[in-house]
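> fold the following, please.
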Amino acid sequence: MTGFASRAGDSDGLRWSWELRGVNGKGLDLRLRLPDWIDGLEPAVRSAAAKRLTRGNVQVSLRLAGGGEDDAARLDEAALARTLDALARIEAEAARRGLALAPSNAAEIVAQRGVMATGQGARAIAPLRALLLAEFETALEDFAAMRASEGAALAAVLDGQLSQIDTLVQDAAAVVAMRRDEQRDRLRAALARVLDASDELDEARMAQELALIAVKSDVTEELDRLGAHVDAARALLAEPGAIGRKLDFLMQEFNREANTLCSKSGSTALTRIGLDLKTVIDQMREQVQNVE
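Below you'll find the predicted structure:
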């Protein structure tokens, strides 16, 4: 989800530069630094970005620079007249009601919105906004393309980690198969020793308890689910669009099965494989945070 893009241009003596920077994030967090005198620009930028991006902390900034005397502040006669007329009506109404108002000064009047105009204020906002948005769309395309390129490389890394998990699951299945007969013989021997030691034990009850122990140590279901998770993750990597949240959830399931495998292993070899699985899963989970 990291990325960078910039675009620069100029028109009618006004120069601008767009810059987009993105880092990892669980959701989409857009932080905009835009000139506030271009009405409608911010919502349009947010809308355009939300259509292309779904995750990441993305900072969008627009720098504007104008040259020449046209950008100097000047008095807007019409706006001043409207402000003074409104002030006169307010003072007259206050006097009619017997209210005393503090006298207004020139600085307060000049500070009213629109009284002092600048070169930017005199520009036609709609054409400028359309031009800036077109440039932003191009920068957004570049930004998305860079993230897509990074995503392709990341997909190769994730696929390699899935192959490691798949291999470890197969190794675990081989260990389970080799120890199955041995485990059954140990259980039978333990049962025989207990029954020989006492005539009062319930043989059927003891067999049930040993069977329960065998079930609790069986990791077949965990291995099957890990294999299914590998298939599901590969299917997600092949999907178009945003898959980061789905992969993030799937990594939790991977980790849960690996933890259960370790707790039920009952052998050093299987425990070692389970720990290797947890290591690869944790590495993959960190990479998944970069996926949109």
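
> pLDDT below threshold where in the stretch 1-150 of the chain?
Residue ranges of the stretch 1-150 of the chain with pLDDT under 70: 1, 67-74, 116-123.

> what are the ranges of the strands in it?
3-11, 14-23, 28-33, 56-66, 74-75, 116-117 (DSSP state E, counting those that start in this stretch).

> redo those as JSON lines? Include distance to residue 221 and mean neighbour count.
The way it works is simple: take the backbone N, C-alpha and C, and place the C-beta from them, glycine included. As requested, these are exported to JSON lines (distance: least, CB to CB, whole Å; neighbours: other CB atoms under 10 Å):
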{"stretch": "strand 3-11", "distance to residue 221": "41", "mean neighbour count": "16"}
{"stretch": "strand 14-23", "distance to residue 221": "39", "mean neighbour count": "19"}
{"stretch": "strand 28-33", "distance to residue 221": "37", "mean neighbour count": "13"}
{"stretch": "strand 56-66", "distance to residue 221": "37", "mean neighbour count": "17"}
{"stretch": "strand 74-75", "distance to residue 221": "78", "mean neighbour count": "12"}
{"stretch": "strand 116-117", "distance to residue 221": "74", "mean neighbour count": "16"}
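
> out of those strands, which gets nearest to residue 291?
Smallest distance to residue 291 across the strands of the stretch 1-150 of the chain (CB to CB): 10.3 Å, for strand 56-66.

> show me how far that closest one is from its chain's centre.
Relative to the centre of its chain, strand 56-66 is centred 20 Å away, using CA atoms, centre = their mean, to the nearest Å.

> select, out of the strands of the stretch 1-150 of the chain, the one closest to residue 81.
Short answer: strand 74-75, nearest of these by CB to CB, at 10.7 Å.

> tell me where this structure has helices.
Along the chain, counting by DSSP state H, helices occupy 41-52, 77-96, 106-110, 119-122, 125-197, 203-216, 220-237, 244-264, 268-288.

> quick one: the second one to chain centroid distance?
So that's helix 77-96. Distance of helix 77-96 from the chain centroid (CA atoms, centre = their mean) equals 52 Å.

> kindly export that helix (C-alpha atoms) in CSV.
C-alpha atoms of helix 77-96 as CSV (Å, rounded to 0.1, in the frame of the first residue of the first chain):
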residue,chain,number,x,y,z
GLU,A,77,-16.2,47.6,-3.8
ALA,A,78,-19.4,45.6,-4.2
ALA,A,79,-18.6,43.3,-1.3
LEU,A,80,-17.7,46.4,0.8
ALA,A,81,-21.0,48.1,0.0
ARG,A,82,-22.9,45.0,1.0
THR,A,83,-21.0,44.7,4.3
LEU,A,84,-21.6,48.3,5.2
ASP,A,85,-25.3,48.1,4.3
ALA,A,86,-25.6,45.1,6.5
LEU,A,87,-23.7,46.8,9.3
ALA,A,88,-26.0,49.9,9.1
ARG,A,89,-29.1,47.7,9.3
ILE,A,90,-27.7,45.9,12.3
GLU,A,91,-26.8,49.1,14.1
ALA,A,92,-30.3,50.7,13.4
GLU,A,93,-32.1,47.6,14.7
ALA,A,94,-29.9,47.5,17.8
ALA,A,95,-30.7,51.3,18.4
ARG,A,96,-34.4,50.6,18.0
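
> list the buried residues for it?
Buried residues in helix 77-96, counted by 16 or more other CB atoms under 10 Å: 79, 80, 83.

> now those residues in TSV, with distance to residue 255?
TSV is the format used below for the buried residues of helix 77-96 (distance: CB to CB, whole Å):
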residue	distance to residue 255
79	64
80	68
83	65
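
> still on that earlier bit, the helices of the chain: which one's closest to residue 20?
Of the helices of the chain, nearest to residue 20 by CB to CB is helix 125-197, at 4.5 Å.

> domains of the protein?
3-70+122-148, 73-117, 150-288 (automatic domain parsing).

> could you give the separation of the longest one from the chain centroid?
Right, domain 150-288. Offset of domain 150-288 from its chain centre (CA atoms, centre = their mean): 29 Å.

> equivalent analysis for the first one, please.
With CA atoms, centre = their mean as the basis, the distance from the averaged C-alpha position of domain 3-70+122-148 to the chain average is 20 Å.

> which ones are touching residue 164?
If a contact means CB atoms under 8 Å, 6 or more residues apart in numbering, then residue 164 has residue 280 as its contacts.

> just send the strands of the stretch 1-150 of the chain back as TSV, with distance to residue 44 too.
Below are those laid out as TSV (distance: least, CB to CB, whole Å):
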stretch	distance to residue 44
strand 3-11	16
strand 14-23	13
strand 28-33	11
strand 56-66	12
strand 74-75	29
strand 116-117	24
